[in-house]
Every structure is written in C-alpha cells, then in structure tokens.
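Chemist: fold the following, please.
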Amino acid sequence: MNIYIFRHGTTEWNKTFKIQGASNIPLAEAGIEQAHIAGAALKEANLSFDMVFSSPLDRAYETAKILTSYTNEGIEITKDSRIRELEFGDFEGHTFEELAGIDGSPFIYFKTSPDLYNEKAPYYYKENQPESLSHLCKRTKDFFENVIEPLEKEQPNSNVLIVAHGAVNKGMLMHVNKETDLKNFWKPGLQSNCHAAIVSLVNGNYNVLEYNKEYK
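Modeler: Predicted structure coming up:
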C-alpha cells in the first residue's frame, strides 16, 4: 500500500500566520490554485486512489475534492474527525508570536520544544483550552491502527489519499516512524501547504519515501 498524506492548500490565516486549529477557515485563492496544480500533476503521473480520507474541516475537504477531480472524479471522500487539526481553543485566531509574549505562555515552546509545550499547555478536556500533542498522537494512532492498517491487509496494492493539516500530519508520521519522543515531533520540518508525505506500508511495515513532496 502507498499512502499519500497531503497538507491542505493555503488559507488567508496561513498567509498571516494565524493559528487555525479547529477554526473552519476556507482555502484562499492561492490554496485553490495549489490544489489544481497538484491535482494536474498527480494525473500526469497516472496516479489514482482507491480510498480517500479527509479531515472534516473545509480547507482539507476542499483540497481533497480538487485533487480527486483530476485523479478519481466522484470518488467518495470519507471525513474522519481523528485527523482534524490540533485544537487551540480560545487561542485560535492569534499568532504564536502574540501568544508567546504572554507571561507563562506555553506557546514559546510550541515550535522549538514541543515536548515542553505538551507538558505546559492546558489539557484538551479543559474547556476552551489547547489540545495536547500527546492527545493528538493518540487519535492519529487510533486512525492508523483501526482504519489504514486493516485496509492494507484487505487491499495491499492500493493507493490511499489522506488530506489533513500541518500538525496532525506530523502526528500521523510519529506513528509511522514509531516515534514516541515528542522532542522529535516537528522533525524533519513542517510540511508545506499542498505538499505530500509518501509512505509505503507492506506487511505491516512502514517506510517514509518522501516527507514534503511537491506535485507541480
């Protein structure tokens, strides 16, 4: 099985470096164009998909619809809440720089020391506060163990498309790489908008072929 894990196209909040999280921000014109370019490149490469999964947030779902309009017109796109973006509660709509300037803010650790962010950020179940990275990794692991890995046993030669978000895609790759140390959460770097990580899954064994593939 080959798994193509795309990040959604660019949004206006991406362009202004605002935290999106669970906020349902649509694609910007630039993001729509990115998805069309990537979709055309996938078609040119003769790629098509047997199953397609998307975050329920519009920016990911719209990206998935555009991509598959080139590869598999009309294919069902399954939305799964386990691959929605990391949630930031009341902090969404702000920039990390704004939040890092608040005394005691855990956001000073988010990009450089994600393990410390995970320890210091208020836990997910506290109302209107950020989700922890460990909780994010738990739900992405659940998605892979209960959706993707059973599919590989049933359809080992299939191509799977997943369209989601920057942080949640890193959570998926933590599972793929059997990585448990959150210090390494962002390695080898944040995926660019409308780029793909490409992963092979053979007999239950993962191999990352690309981390940030651009289709153009």
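Chemist: so where's the chain shaky on pLDDT?
Modeler: Of all residues in the chain, those with pLDDT under 70 make up the ranges 122-128.
Chemist: now do 50
Modeler: 124-125 (pLDDT under 50).
Chemist: ok, which stretches of it are helices?
Modeler: Listed in chain order, the helices of the chain (DSSP state H) span 12-15, 29-44, 58-71, 96-100, 114-120, 133-143, 149-154, 166-176.
Chemist: in a markdown table: those helices, plus distance to residue 107 and mean neighbour count.
Modeler: Where you see a C-beta, it was placed from the backbone N, CA and C, and this is true even at glycine. As requested, these are exported to a markdown table (distance: least, C-beta to C-beta, whole Å; neighbours: other C-beta atoms under 10 Å):
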| stretch | distance to residue 107 | mean neighbour count |
| --- | --- | --- |
| helix 12-15 | 16 | 16 |
| helix 29-44 | 25 | 18 |
| helix 58-71 | 22 | 22 |
| helix 96-100 | 4 | 15 |
| helix 114-120 | 7 | 18 |
| helix 133-143 | 13 | 19 |
| helix 149-154 | 34 | 14 |
| helix 166-176 | 13 | 23 |
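Chemist: out of these, flag the one nearest residue 196.
Modeler: helix 29-44 (7.9 Å; C-beta to C-beta).
Chemist: make TSV out of the helices of the chain and add distance to residue 191.
Modeler: Output for the helices of the chain, formatted as TSV (distance: least, C-beta to C-beta, whole Å):
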stretch	distance to residue 191
helix 12-15	12
helix 29-44	13
helix 58-71	13
helix 96-100	17
helix 114-120	15
helix 133-143	14
helix 149-154	22
helix 166-176	6
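Chemist: show me what residue 7 bridges to in the sheet.
Modeler: Beta-bridge partners for residue 7, by DSSP bridges, are residue 164.
Chemist: tell me how many other residues surround it.
Modeler: 27 (other C-beta atoms under 10 Å).
Chemist: pretty sure it contacts residue 191?
Modeler: Yes: counting by C-beta atoms under 8 Å, residue 191 is a contact partner of residue 7 at 4.5 Å.
Chemist: shared neighbours, the two?
Modeler: Shared contacts of residue 7 and residue 191, defined by C-beta atoms under 8 Å, 6 or more residues apart in numbering, comprise 166, 169.
Chemist: for residue 54, grab the count of nearby residues.
Modeler: 27.
Chemist: can you start the count at 22 instead of 1 from here on
Modeler: That works, and once the first residue is 22, the last one we named lands at residue 75.
Chemist: doesn't residue 100 make contact with it?
Modeler: Yes: between residue 75 and residue 100 there is a contact under C-beta under 8 Å: 5.4 Å.
Chemist: need the overlap of contacts for those two.
Modeler: Counting by C-beta under 8 Å, 6+ apart, the residues touching both residue 75 and residue 100 are residue 82.
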